[in-house]
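Visitor: compute the structure for the input listed below.
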Amino acid sequence: MSSIDDEFIKVVPGEPVGVVAAQSIGEPGTQMMLRVFHAAGIGSIVTTKGLPRVMEIVDGRKVPTSPMMIIRFKKEVEKDYDVVRKIWKHLEEVRLSSIIKNLKENFREGTVTFNFDKEKLEYYELTPKTILNKISKMESLEVVSSDEEIKIKYRGKGKTVYNMRVAFNRLLSNVIFGVEGIIKASIEQDEKTKAFRIITSGSNLEEIMKIDGVDPMNIYCNNPFEVLEFYGIEAARNIIASELISIIEEEGLTVNFRHIGLIADIMTYTGNIRSVGRHGIAGEKESVFARAAYEETVKHFTNACVFGEKDYFKGVAENILIGKQINVGTGTVKIVVKKEDLKNLKPEDIKEREKDKKEK
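Guide: Numbering: from 1, shown residues only. Okay, here's the model as predicted:
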């Protein structure tokens, strides 16, 4: 046996690996701290942990509650604190609403006036001219006054209060500086390699990959769908598996990676990320009985009758429902006696067998 084979525990033919995987994750899942929905993450970044995070992943939610990234840098700059700090300072998104004060809206004139917070402008190294240039590019809005007090006028069609309110809200929520989606960022240094990295609350892989100095092939993002878009399905599969195993380990529990890997594989083997529930894997089963056994029983049986579906009872769930032996474990073994072997049986043995059959 090779050294590679020694590292793996071989599965016996007929082993119900799916059921074992479900039990292995379901049992420790009940031991997780259900009342703690959020826990402190790396540094000052807050991330969703425990069972809520597990549910997010297996349900295939496209927008996680607490997206985060670990940004690493190219070797030539990873130990240069000044370079890393300069990148960090330009990461956190800054919306117009966070750098203004004395906001006034006048719906009769269709204008909004405000003053910039000079302290915040200095902190983010911004100038009023730079901000007003971005505002002037927005549709339906025009910069009327750019003195001490800034006045923006609505120039769109349909000068209603609703349209003006929508335009002004869009103006205030506009990202003036930084990377959209990055709410907070912090710098950390690896104790062994002394390399710096940035941990972010929020994610935007597309923009982060464009920054000079960032290693685009060494960015960790906890959103599998975002990883799928930029790195492919194998990378997304690895994110699902690593996120699940890290959540379980943080709770002080242990689950063999083979069970986690099986779930990640079944969610991604089609080339897309599918949820485990009725809108994904469970709802796409070929068997009518298997689909009906999970949720929405009446709907599946009704559709099966209307469209004339057939059930060949090849799976586990449907065979259990009708009391038939499943093709798993000992159910995979069939004992067959050849006709020529029956001739060798003694008459008293045949009578004994017939008697047992009648009694049963």
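Visitor: switch to C-alpha atoms for all contacts and neighbour counts from now on
Guide: OK.
Visitor: three-state assignment of the residue nearest to residue 66 when sequence neighbours are not counted?
Guide: When the adjacent residues along the chain are set aside, residue 66 lies closest to residue 47, with 5.1 Å between them (Cα to Cα, 6 or more residues apart in numbering). Assigned state for residue 47: strand (three-state reduction, DSSP: H, G, I helix; E, B strand; the rest coil).
Visitor: quickly list the domain ranges of the protein.
Guide: Taking automatic domain parsing as the reference, the chain has its domains at 11-65+232-268, 68-91+181-221, 94-177, 287-327.
Visitor: quote the end-to-end distance of the first one.
Guide: End-to-end span of domain 11-65+232-268 (Cα to Cα, to the nearest Å): 22 Å.
Visitor: roughly how far is it from the heart of the chain?
Guide: The gap between the average C-alpha position of domain 11-65+232-268 and the chain average comes to 10 Å, counting by Cα atoms, centre = their mean, to the nearest Å.
Visitor: the strands in this structure, which residues?
Guide: Taking DSSP state E as the criterion, the chain contains strands spanning 38-40, 46-48, 68-73, 94-95, 100-106, 111-116, 141-146, 150-154, 175-177, 184-189, 196-201, 214-221.
Visitor: before we move on, back to that, will you turn the domains of the chain into CSV that also has mean pLDDT, distance to residue 277 and mean neighbour count?
Guide: Shown next, in CSV, are these (pLDDT from 0 to 100; distance: least, Cα to Cα, whole Å; neighbours: other Cα atoms under 10 Å):
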stretch, mean pLDDT, distance to residue 277, mean neighbour count
domain 11-65+232-268, 81, 6, 16
domain 68-91+181-221, 92, 24, 17
domain 94-177, 87, 35, 15
domain 287-327, 86, 8, 15
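Visitor: any chance of these in JSON lines, plus distance to residue 275?
Guide: Putting the domains of the chain into JSON lines (distance: least, Cα to Cα, whole Å) gives the following:
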{"stretch": "domain 11-65+232-268", "distance to residue 275": "4"}
{"stretch": "domain 68-91+181-221", "distance to residue 275": "19"}
{"stretch": "domain 94-177", "distance to residue 275": "32"}
{"stretch": "domain 287-327", "distance to residue 275": "14"}
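Visitor: identify whichever of these lies nearest to residue 336.
Guide: domain 287-327 (16.3 Å; Cα to Cα).
Visitor: thinking again about what came up before, so for residue 126, which of the strands of the chain sits nearest?
Guide: From the strands of the chain, taking Cα to Cα, the stretch that ends up closest is strand 175-177, at 8.3 Å.
Visitor: who touches residue 283 in this structure?
Guide: If a contact means Cα atoms under 8 Å, 6 or more residues apart in numbering, then residue 283 has 277, 291 as its contacts.
Visitor: quick one, grab the pLDDT at it.
Guide: Model confidence at residue 283, expressed as pLDDT, equals 77.
Visitor: distance to residue 313 added to the strands of the chain, as TSV?
Guide: Written out in TSV, the entries for those read as follows (distance: least, Cα to Cα, whole Å):
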stretch	distance to residue 313
strand 38-40	43
strand 46-48	40
strand 68-73	44
strand 94-95	57
strand 100-106	66
strand 111-116	67
strand 141-146	64
strand 150-154	65
strand 175-177	56
strand 184-189	52
strand 196-201	48
strand 214-221	41
